[in-house]
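In: fold the stuff below for me.
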Amino acid sequence: MTPTQLSQAVLRSVRDAVDGGELRVAVPERVTLRRPPRHVGAHAWSTGVALRLAGPAGLPAPEVARLLR
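Out: Below is the predicted model:
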């Protein structure tokens, strides 16, 4: 999976959670990926989308991440 495909997959998860009523937030236009500071392998990526949506959703970021998983 390419970084672009991964970003699109995460964005789909956000849309699905919103459409399913699990999250009440505005769906971002895009999800940015970055390499974690201490990545384990060449294919390690992270995103702050759970942190970004936590405040507007009124939920802790780990709960948002769980919903998106």
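
In: give the buried residues for the strand or helix carrying Leu51.
Out: Using DSSP states H and E, the element containing Leu51 is helix 49-57. Across helix 49-57, burial judged by 16 or more other C-beta atoms under 10 Å covers 49-50, 52-54, 57. C-beta: built from backbone N, CA, C; applies to glycine.

In: how many neighbours does the closest residue to Pro56 other than its chain neighbours have?
Out: In this structure, Pro56 finds its nearest non-sequential neighbour in Val25, 4.6 Å apart by C-beta to C-beta, 6 or more residues apart in numbering. Neighbour count for Val25, taken as other C-beta atoms under 10 Å: 17.

In: what does Gly48 give?
Out: For Gly48, the count of nearby residues is 13 (other C-beta under 10 Å).

In: tell me which element Ala9 falls in.
Out: Per DSSP H and E, Ala9 falls inside helix 3-19.
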